[in-house]
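1. Pasted the sequence and its predicted model underneath.
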Amino acid sequence: MEHTLIDNQIKEQFISNFGDLGLTYQQIPLGRGYVHAFSVNIDKESTLKETWQTISNFIAMHFQTRIGDNFGKYNFYLFYIAVENISNELKYKIENNTFSSRKIIITNGEELSSLVNFHILNNDLKIGQENTVVIDSFKKNEQLWSKLQGRVLKGIRITNAATDTYNELLNFKREEQDEIQKD
């Protein structure tokens, strides 16, 4: 769903700062909130290298700061759509930058809607009944059990989940020993 009011305001400011680089915006309903996705068309690697941070900062300052809910602020995507291949070093640097948005570089000229379907909504996933997982019966690992024997879980950052898991393992061990003794 295109949000035209914000799109037009941002586009005017974007054009005055970045010239003819194309900008597209899409607001995607997801659950009870919205995901925000921008795409910028880049003509060559040198342009991307020179402008990617400024573009990211511009969008963060002029748009992301106006989002009122945390879900929308944290579900924010910026696609750089490049005409030519981008070096792995530059791609790594940009895609691993954590400021303001998830940044993704695309070099095959896809439309924003198909990028959203693939990278955000995962509409390309096919899950059916033919994809069943068979779990073999549990086989105990003697080395693991010998390490747990007589141990107590200690530490500064012990979570409830760690404690519960540890206790469950010990109970499983005790139940197994009881079954062996009953035979």
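-> Yes, it's here.
2. Next secondary structure after the longest strand along the chain?
-> In the chain, taking DSSP state E as the definition, the longest strand is strand 33-42. Using DSSP states H and E, the helix or strand that directly follows strand 33-42 along the chain is helix 45-62.
3. contact partners of that next one?
-> The contact list for helix 45-62 (Cβ atoms under 8 Å, 6 or more residues apart in numbering) reads 10, 13-14, 17-18, 21, 38, 40, 42, 78, 80, 82, 84-87, 90, 94, 97, 99-101, 103, 105. Backbone N, C-alpha and C define where each C-beta goes, glycine included.
4. avg pLDDT for it?
-> In this model, helix 45-62 has a mean pLDDT of 93.
5. Run the angle between it and strand 33-42 for me.
-> With axes from the mean of the first three to the mean of the last three Cα atoms, to 10 degrees applied, the angle from helix 45-62 to strand 33-42 works out at 150 degrees.
6. Enumerate the positions of helix 45-62 that are buried.
-> By neighbour count with 16 or more other Cβ atoms under 10 Å, helix 45-62 contains the buried residues 45, 47-49, 51-52, 55-56, 58-60.
7. Check the residues you listed and tell me the two furthest apart.
-> Farthest pair in the buried residues of helix 45-62 (Cβ to Cβ) is Glu45 and Ala60. Separation: 22.8 Å.
8. if we can go back for a sec, what pairs with the longest strand of the chain, and is each one parallel or antiparallel?
-> strand 23-30 (antiparallel), strand 76-82 (parallel) (DSSP bridges).
9. Which of the helices and strands in this protein ranks last by mean pLDDT?
-> Within the chain, confidence by mean pLDDT, DSSP states H and E is lowest for helix 112-115 among all helices and strands, at a mean of 64.
10. what's the next secondary structure element after that one?
-> Next along the chain after helix 112-115, taking DSSP H and E as the criterion, comes helix 142-148.
11. Dump that following helix to CSV, restricted to CA.
-> Presented in CSV, the C-alpha positions along helix 142-148 are these (Å, rounded to 0.1, in the frame of the first residue of the first chain):
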residue,chain,number,x,y,z
GLU,A,142,26.7,-40.3,27.8
GLN,A,143,29.2,-37.5,27.7
LEU,A,144,26.5,-34.9,28.3
TRP,A,145,25.0,-36.8,31.2
SER,A,146,28.3,-37.4,32.8
LYS,A,147,29.0,-33.6,32.7
LEU,A,148,25.6,-32.9,34.3
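12. If you count contacts, what does it end up packed against?
-> For helix 142-148, the packing partners by 3 or more Cβ pairs under 8 Å, 6 or more residues apart in numbering; DSSP states H and E come out as helix 160-182.
13. I'd like the average pLDDT over the helix it packs on.
-> 67.
14. same deal with stretch 16-34?
-> Computed over stretch 16-34, the average pLDDT equals 85.
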